[in-house]
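*Asks:* the following comprises the amino acid sequence and a computationally predicted model.
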Amino acid sequence: MFCINLKKYSLLLVLFAFAQLQFIYGDRYCYNNDQDPYIRFATKTAYNFVFDEKDPEEVPGCEPAQVWMLARHGTRNPSKDELGPLQELNPLRDQIIKNHETRTDGRLCYPDKENLKNWQLRTGKTIAATLTKQGRTDMSLLGSRMRTNFPSLFREGYREDRYVFRHTQKERTKESAEIFANKLFGHDKIVIPPGIKNDGLIRSYSNCTTWEDLMENKDGFKEYELFRESEEVQSLLKNVSYRLGFKYNLTLDKIDTMYDMCRYDKSWNLNEASPWCACFSKEELKVLEYMQDLRYYYEAGYGHDINIKLGCPLVKDMVDRFRALAKELEDGKRSSGTRNEQPRGIFYFTHTKALLMLLARLGIAEDEQKLTHTDYRSAREREWQTSQLSPFSANLVMVFYNCHGSQREPQVMMYLQGRKVNYKGCRVGLCNWKYLEDKLGPIADKCDLSFCEDGAGGASNLVFSQILVLLAVFFSTLSSRFLR
Ligand SMILES: *[C@@H]1O[C@H](CO)[C@@H](O)[C@H](O)[C@H]1NC(C)=O
Ligand SMILES: *[C@@H]1O[C@H](CO)[C@@H](O)[C@H](O)[C@H]1NC(C)=O
Ligand SMILES: *[C@@H]1O[C@H](CO)[C@@H](O)[C@H](O)[C@H]1NC(C)=O
């Protein structure tokens, strides 16, 4: 009898323990089991999550004559500056695990907690800001898609005078250009000039003191800073801290770092669940995304006119090249002796800010209302979504088409991340070259960045006035000594 009772009792005990587990880990949201996690992470979004895999459409009666591309480098490792804070995630992880295992205050589901327990930072100083394996895969894919999408432009094989490659001084843009070019032509004997310091074309903002001064000024990012103090963000801090078992609120800087790690993890390993993403709800990830969008809106988008202005060298480059090509094709149609000197492909490899400034100068993804810290709710349907505009390996591709028949004018097709750009005045991505030239020609012709040096003048004025103050102090001490 006693024996049976014990059996019953132990069975009850097991059931009870199980119920306890259910109670602790039961119907909780589990990021690990989510089949449809939120993967839009602003400028740290993986290219795979955004790009359009469909093949480009043929343009009837036309053939591609030139492709002009501006690409952001592929997925990268954290920069030196980011590395320190990311390493601080190790003690934070231990604290969160402690919150769950010894104090049972944590509210992550069991698999999410276990994933976090096993997490380690797998990157080091030596590889700071270089491409990751996924980044190399992205660029390879981009190169081979370019080749299969526009075979006629690359059929003849590589010639130095027919293809232009350019990258910034960073290792990651250099490597991106090399991998892309290699895939495009099937070999690596391609002339890619070394990056130029403060490249005024593909990195105009780094040669602009006026812009740098604005970005160092607190007012430059006022809306972003105010959003960081907003109700939404404070509520996020509270919710995340509570979920992770803290009795106090984590700082927003810590949240930034956790978010960065989540985004990196997810862009390095597309199919793995990042334990740091598990710390946030979908709604919270959207709040953090808006925070990033606001930041880039003011750093490289419509938030400041200077950002738009800085996009003009690239517009000018594209317009000038298309004009030269259009003229050559026109001349060729009139006389039989066809000159044929223009390049078939122009490929630039640069950074988020250069791409965003170019998009802003073109008028892509502009919202009617300026984005501010107060309208997170109403801005949910915003055009300005950096997840869409500038993920890793983001690329704007403009294809110039030569069209046959008496009336047909040249056409230009516009793709962003392989998706046709719904450009105003065009038919879903396809624009009459004449229309585009009327619209962008004046921007190209009036492109003038001399204002960039005003800032430099300002800076030297500052030094000058400091010297004046010093002199004044010097003389006043001198005179006060004399008077004594
Ligand atoms: C930087 O800007 C100055 C003045 O606008 C210009 O003269 C110079 O050529 C630019 N440098 C580069 C590398 O483009
Ligand atoms: C935080 O939690 C509260 C209560 O569940 C919820 O109403 C609020 O929207 C959450 N905040 C964020 C930013 O998700
Ligand atoms: C955390 O922040 C929220 C929102 O600002 C606040 O209401 C709450 O009192 C804070 N909690 C602690 C423990 O300070």
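*Replies:* Happy to help now that I have it. The structure presented is a predicted model; accordingly, all values stated were derived computationally and were not measured. Ligands and ions are numbered 1, 2, ... in the order given.
*Asks:* just give the number of residues close to the nearest residue to residue 225 once chain neighbours are set aside.
*Replies:* Leaving aside its sequence neighbours, residue 225 sits nearest to residue 218 (C-beta to C-beta, 6 or more residues apart in numbering; 7.1 Å). Every C-beta, even on glycine, is put in place using the N, C-alpha and C of the backbone. Using other C-beta atoms under 10 Å, residue 218 has 7 other residues around it.
*Asks:* which stretches of this structure form strands?
*Replies:* Counting by DSSP state E, the chain has strands at residues 62-72, 163-167, 345-350, 395-403, 411-416, 419-420, 430-432.
*Asks:* then the third one to PDB, C-alphas only?
*Replies:* It stands for strand 345-350. What follows is strand 345-350 as a C-alpha-only set of coordinates in PDB (Å, rounded to 0.1, in the frame of the first residue of the first chain):
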ATOM      1  CA  GLY A 345      29.700  50.000 -66.400                       C
ATOM      2  CA  ILE A 346      30.400  52.400 -63.600                       C
ATOM      3  CA  PHE A 347      30.600  50.900 -60.100                       C
ATOM      4  CA  TYR A 348      31.100  52.800 -56.900                       C
ATOM      5  CA  PHE A 349      31.500  51.200 -53.400                       C
ATOM      6  CA  THR A 350      30.900  53.400 -50.500                       C
END
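*Asks:* and it, what does it pack onto?
*Replies:* For strand 345-350, the packing partners by 3 or more C-beta pairs under 8 Å, 6 or more residues apart in numbering; DSSP states H and E come out as strand 62-72, strand 163-167, helix 171-185, helix 312-334.
*Asks:* how about those in JSON lines, adding distance to ligand 3, mean neighbour count and mean pLDDT?
*Replies:* Formatted as JSON lines, the helices and strands packed on strand 345-350 follow (distance: least, C-beta to the nearest ligand atom, whole Å; neighbours: other C-beta atoms under 10 Å; pLDDT from 0 to 100):
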{"stretch": "strand 62-72", "distance to ligand 3": "36", "mean neighbour count": "22", "mean pLDDT": "97"}
{"stretch": "strand 163-167", "distance to ligand 3": "45", "mean neighbour count": "21", "mean pLDDT": "98"}
{"stretch": "helix 171-185", "distance to ligand 3": "38", "mean neighbour count": "22", "mean pLDDT": "97"}
{"stretch": "helix 312-334", "distance to ligand 3": "43", "mean neighbour count": "18", "mean pLDDT": "94"}
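*Asks:* and residue 85, which of the ones you listed is closest to it?
*Replies:* Closest approach to residue 85 among the helices and strands packed on strand 345-350 (C-beta to C-beta): helix 171-185, 20.1 Å.
*Asks:* how about the closest one as CSV, C-alpha atoms only?
*Replies:* What follows is helix 171-185, C-alpha atoms only, in CSV (Å, rounded to 0.1, in the frame of the first residue of the first chain):
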residue,chain,number,x,y,z
GLU,A,171,39.1,47.9,-46.4
ARG,A,172,35.4,46.9,-46.5
THR,A,173,34.6,48.9,-49.6
LYS,A,174,37.8,47.8,-51.3
GLU,A,175,37.1,44.2,-50.6
SER,A,176,33.5,44.7,-51.8
ALA,A,177,34.7,46.1,-55.1
GLU,A,178,37.1,43.3,-55.6
ILE,A,179,34.6,40.5,-54.9
PHE,A,180,32.0,42.2,-57.1
ALA,A,181,34.4,42.7,-60.0
ASN,A,182,35.7,39.3,-59.8
LYS,A,183,32.2,37.7,-60.0
LEU,A,184,31.3,40.1,-62.8
PHE,A,185,34.2,39.1,-65.1
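*Asks:* and that helix with strand 163-167, angle?
*Replies:* Put simply, helix 171-185 runs at 160 degrees to strand 163-167, going by axes from the mean of the first three to the mean of the last three C-alpha atoms, to 10 degrees.
*Asks:* distance of residue 388 from ligand 1?
*Replies:* Noted for residue 388: a distance of 30 Å to ligand 1, by C-beta to the nearest ligand atom, to the nearest Å.
*Asks:* whoops, I mixed them up, residue 449
*Replies:* From residue 449 across to ligand 1, the span is 5 Å (C-beta to the nearest ligand atom).
*Asks:* ok, that residue - contacts?
*Replies:* 200, 204, 207, 208, 309, 310, 312, 313 (C-beta atoms under 8 Å, 6 or more residues apart in numbering).
*Asks:* just the residues you listed now: which is nearest ligand 3?
*Replies:* Closest approach to ligand 3 among the contacts of residue 449 (C-beta to the nearest ligand atom): residue 310, at 37.4 Å.
*Asks:* low-confidence ranges in this structure?
*Replies:* For the chain, the stretches flagged by pLDDT under 70 are 1-27, 336-339, 406-407, 454-484.
*Asks:* and it, what are its domain boundaries?
*Replies:* For the chain, automatic domain parsing gives the domain ranges 61-75+132-208+310-484, 77-129+209-283.
*Asks:* and residue 33, which of those is closest to it?
*Replies:* domain 77-129+209-283 (6.9 Å).
*Asks:* what sits against residue 55?
*Replies:* Counting by C-beta under 8 Å, 6+ apart, residue 55 has contacts residue 149.
*Asks:* ignore what I typed, I meant residue 223.
*Replies:* Residue 223 is in contact with 294, 297, 298, 303, 371, 372, 373, counting by C-beta under 8 Å, 6+ apart.
*Asks:* ok, it to ligand 3 distance?
*Replies:* From residue 223 over to ligand 3 (counting by C-beta to the nearest ligand atom), the distance is 20 Å.
*Asks:* mind starting the numbering at 12 from now?
*Replies:* Right, with 12 as the first residue, what we last looked at is residue 234.
*Asks:* now residue 48: how far from residue 343?
*Replies:* Distance, residue 48 to residue 343, by C-beta to C-beta, to the nearest Å: 53 Å.
*Asks:* what of residue 421?
*Replies:* Residue 421 is 12 Å from residue 343, where distance means C-beta to C-beta.
*Asks:* can you tell me the number of residues neighbouring residue 227?
*Replies:* 9.
*Asks:* actually residue 200, not the one I typed
*Replies:* Applying other C-beta under 10 Å, we find 9 residues neighbouring residue 200.
*Asks:* now swap in the one 5 residues further on and tell me
*Replies:* Neighbouring residues of residue 205 were enumerated by other C-beta under 10 Å; the total is 7.
*Asks:* what sits against it?
*Replies:* Residues in contact with residue 205 (C-beta under 8 Å, 6+ apart) are 180, 185.
*Asks:* rerun at 10 Å
*Replies:* Residue 205 makes contacts with 178, 180, 185, as judged by C-beta atoms under 10 Å, 6 or more residues apart in numbering.
*Asks:* redo those residues as TSV? Include distance to ligand 1.
*Replies:* Converted to TSV, these look like this (distance: C-beta to the nearest ligand atom, whole Å):
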residue	distance to ligand 1
178	14
180	11
185	17
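*Asks:* looking at it, the residue nearest to residue 236 is touching residue 309, isn't it?
*Replies:* No: Residue 229 is not in contact with residue 309 according to C-beta atoms under 10 Å; the separation is 11.5 Å.
*Asks:* which neighbours do the two share?
*Replies:* Taking C-beta under 10 Å, 6+ apart as the criterion, residue 229 and residue 309 both touch residue 236.
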